[in-house]
Structures are given as C-alpha cells and as structure tokens.
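Student: Take this sequence and fold it.
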Amino acid sequence: MRPLTDEETKTMFEKLSKYIGENIKILVDRPDGSYCFRLHNDRVYYMSEKILKLAAHVSREKLVSVGTCFGKFTKTMKFRLHITALDFLAPYAKGFGVAAKCTAECRQVDPMSIVVFHQADVGEFIRNEDTLT
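Tutor: Have a look, this model is predicted:
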C-alpha cells in the first residue's frame, strides 16, 4: 500500500470533483480526524490515518483490503468509482450520474431515451463481488 502519485491524485480528484465539486476537502480534513487515500493493487482506499498506521504492520502480500474502496485505476490509468464510495459521496454529491440531455430536453423525450449515463449501481457491486478483494 502506497500513497497516490501526483498524477493519480489529479486523475482521481478530477473524477470526484464531477460529483462533489469543492467538497473534496471535506473528505480529507474531517472533524473526526484526518483521512487519506492509499493505493493497493490498483484500487484506491479511503481510511483514517489511525487505521493506516495499524495497517502498516501487515505486509503487502498479506493485506487484502483496508478502509473503504473508492475505486480503481484501469490499465489505461483512468479512474473508475466503485459503489462502495457512494456512502461517502452522497452527502456532498450534486447527483451520481452524468446527464445525457439538458433539463428542457428531458421533459420532452420518449420513455426509452437515455437521460443519465450509468456510473455505478448496487447490482454492479454484487456482480463484481468476487473480484473486489
């Protein structure tokens, strides 16, 4: 487990800012302690620094997961959010999806039109549960 590089941090924060805007600061500097993001096996985990210190005593090979998985980096270095991050993003989110049409168009489209592009859902978590180690 290691800290994110500058490029990884930038990529992840750009993705998060699409959903929670400037509220990213609230995730790191919380009133109940200091929290951080760490990378382990291409997955980004969110945890308190107290848990981070405890996890430092476990070797990388034996460590499966620690904290909450926020998402993962693809092989092309794009960041994909996981549904497990939704509990942390929901209080600050403007909405968890990307609009395909403007509000005026949404009112007049037929029922089978795409209005919001999928980002994550609970079903996705269940379907990929075996690979989320």
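
Student: For the rest of this, base every contact and every neighbour count on C-alpha atoms.
Tutor: OK.

Student: what's the nearest residue to residue 38 if we skip its chain neighbours?
Tutor: Closest residue to residue 38 apart from its sequence neighbours, by CA to CA, 6 or more residues apart in numbering: residue 3 at 4.8 Å.

Student: Send me the longest strand seen in the chain as PDB with only the CA atoms.
Tutor: In the chain, with assignment by DSSP state E, the single longest strand is strand 33-40. Only the C-alpha atoms of strand 33-40 are listed here, as PDB (Å, rounded to 0.1, in the frame of the first residue of the first chain):
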ATOM      1  CA  GLY A  33      -9.800  13.000  12.400                       C
ATOM      2  CA  SER A  34      -7.500  13.100   9.400                       C
ATOM      3  CA  TYR A  35      -8.300  10.800   6.500                       C
ATOM      4  CA  CYS A  36      -6.200   9.800   3.400                       C
ATOM      5  CA  PHE A  37      -6.300   7.900   0.200                       C
ATOM      6  CA  ARG A  38      -3.900   4.900  -0.500                       C
ATOM      7  CA  LEU A  39      -3.300   2.700  -3.500                       C
ATOM      8  CA  HIS A  40      -3.200  -1.100  -3.200                       C
END
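
Student: Contact partners for the residue nearest to residue 72 when sequence neighbours are not counted?
Tutor: Nearest residue to residue 72, sequence neighbours excluded (CA to CA, 6+ apart): residue 43, at 4.1 Å. The contact partners of residue 43, by CA atoms under 8 Å, 6 or more residues apart in numbering, come to 69, 70, 71, 72, 73.

Student: What average pLDDT does the longest strand of the chain get?
Tutor: In this model, strand 33-40 has a mean pLDDT of 90.

Student: Sheet partners, orientation included, of that strand?
Tutor: strand 2-3 (antiparallel), strand 29-30 (antiparallel), strand 43-48 (antiparallel) (DSSP bridges).
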